[in-house]
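S.K.: Quick one, fold the following:
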Amino acid sequence: MPNIAPVALCLILALGLSACEEKANTRPSKNIAWYGVMVHPYINAVEEGVAGFTQDTGIPVKKQIGQTWTQDNENANVEALAAKGYNGFAICPADASAANGLYEELSANGAFVVSYAAPTLLPTTASFCVATDVEEAARLATEALIGYMGSEGRILNVLELIEDPNTILRKRGIEETVARYPEVRIVREIAGMSSIEESTAKIQDALATQVDAIDGIICTGYTPTVAAAAILAEWHQNPANKRIRFVGIDTDALVLNAIAAGHIDATVSQNPYGQGYIACGLLSYLLDGWTANPDHYFVDSGTVLVTRDNLQSYEDEIKTITADLMSQLETRYLSAPE
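M.R.: Sure thing, here's the model as predicted:
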């Protein structure tokens, strides 16, 4: 072995360390931003998950909420964040198709994107989508309602905006579940609701004209669920109307109070907290050099059926689901850097 002078050895070590440092420095800095499409109770709950992620990990996340639910507004706000150096984005897409243009722009500039709450149309440059399996959630809600109805009767199906891809999936989940029960049928479907006021008017009209033909109501959107819970609390003042069973979605305080009071039967809790927490967790890994597993693009954030029996414990169930998903990130959803 040749004799290496001390000075030469020091030079080799220095060059080696420099090469290692250069390789480490090729990784992007970790500047994560979370974008909420607009002020909404669901978006607020996602934001709590983002705050929980920062509290648990010490990793700061810039939080910003849009002014209007439009893709133009989202583009302007997110592009401004990118210009400030943010390179990991958790985004609720304002438009399932048009948001992909924004994602492509961010990805072309070296940023990572994780969608939450709803997916964009495929193909997409987003690494992941963390959201509810809305079709499965609709099946869960419908099965519960049919159970409350004794596996027979007539259902009023209340949807939100029928052009929304999530609404289309929910509608399919409801109809396929109902089709398995020969003594159950949907007698009326109402849709096209974007506000609680609009939902209230349409549900009240349906009950006023067909109350004797309705045994159960299914709502798979936030606004009609809140509206229906308030309406049924009033309708149930008449004992004859208590025969109408109800299952909705989301956990607005009015809805939970209606369950506690016995005015409605149940609601399906999504996991907005987990969507915020897990989306930021995935971005942190991606910025550390981990790569997305393309076979697991969609991360189902989970659901829990909330009834009077678990009103006080369903949030613990949701947090357990979140912790379980976080424990799977390294083994199921990501591959370690080389």
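S.K.: can we go C-alpha only for contacts and neighbour counts from here?
M.R.: Fine.
S.K.: This protein: helices as residue ranges?
M.R.: 6-25, 41-57, 71-83, 99-108, 134-148, 165-178, 196-210, 222-235, 253-260, 272-287, 314-328 (DSSP state H).
S.K.: between the ones you listed, which one is nearest to residue 64?
M.R.: helix 71-83 (8.2 Å; C-alpha to C-alpha).
S.K.: can you list the weak-confidence ranges in the stretch 1-150 of the chain?
M.R.: 1-28 (pLDDT under 70).
S.K.: do the same with the stretch 151-300 of the chain
M.R.: For the stretch 151-300 of the chain (pLDDT under 70), the answer is none.
S.K.: now the most centrally placed residue in the chain, nearest residue through space, not along the chain?
M.R.: Nearest to the mean C-alpha position of the chain, counting by C-alpha atoms, centre = their mean, stands residue 117 at 2.8 Å. Nearest non-adjacent residue to residue 117, counting by C-alpha to C-alpha, 6 or more residues apart in numbering: residue 131, 4.5 Å away.
S.K.: Could you count how many residues lie near the one you found?
M.R.: By the criterion of other C-alpha atoms under 10 Å, residue 131 has 25 neighbours.
S.K.: give the contact list for residue 52.
M.R.: residue 277 (C-alpha atoms under 8 Å, 6 or more residues apart in numbering).
S.K.: From residue 79, how far out is the residue nearest to residue 117?
M.R.: 23 Å (C-alpha to C-alpha, to the nearest Å).
S.K.: cool, and residue 64?
M.R.: According to C-alpha to C-alpha, residue 64 stands 12 Å off from residue 79.
S.K.: cool, and residue 325?
M.R.: Residue 325 is 30 Å from residue 79, by C-alpha to C-alpha.
S.K.: Could you do residue 93 as well?
M.R.: Using C-alpha to C-alpha, residue 93 is found at 14 Å from residue 79.
S.K.: the more surrounded of those two?
M.R.: residue 93 (27 against 15).
S.K.: How about the more buried one: what's its closest non-neighbour residue?
M.R.: Per C-alpha to C-alpha, 6+ apart, closest to residue 93 is residue 99, 5.6 Å.
S.K.: That neighbour touches residue 120, doesn't it?
M.R.: Yes: under the criterion of C-alpha atoms under 8 Å, residue 99 makes contact with residue 120 at 6.9 Å.
S.K.: Need the residues touching each of those two.
M.R.: Contacts common to residue 99 and residue 120, judged by C-alpha under 8 Å, 6+ apart, are residue 93.
S.K.: Quick one: residues contacting residue 141.
M.R.: Residue 141 neighbours (C-alpha under 8 Å, 6+ apart): 218, 220, 247, 248, 249, 267, 268, 305.
S.K.: The fourth one: neighbour count?
M.R.: Read that as residue 248. Counted with other C-alpha under 10 Å, residue 248 comes out at 31.
S.K.: Next up, the contacts around it.
M.R.: Residue 248 sits in contact with 141, 218, 219, 220, 221, 222, 225, 266, 267, 268, where contact means C-alpha under 8 Å, 6+ apart.
S.K.: The first one too?
M.R.: Residue 218 makes contacts with 141, 142, 145, 155, 156, 157, 158, 246, 247, 248, as judged by C-alpha under 8 Å, 6+ apart.
S.K.: Most neighbours among those residues, please name it.
M.R.: Ranked by the number of neighbours (other C-alpha under 10 Å), those place residue 248 first, at 31 neighbours.
S.K.: so that residue bridges to which residues?
M.R.: With DSSP bridges as the criterion, residue 248 is bridged to residue 267.
S.K.: Tell me how far it lies from residue 81.
M.R.: Distance from residue 248 to residue 81, by C-alpha to C-alpha: 36 Å.
S.K.: swap in residue 287?
M.R.: According to C-alpha to C-alpha, residue 287 and residue 81 sit 17 Å apart.
S.K.: again with residue 144
M.R.: Distance of residue 144 to residue 81, given as C-alpha to C-alpha: 43 Å.
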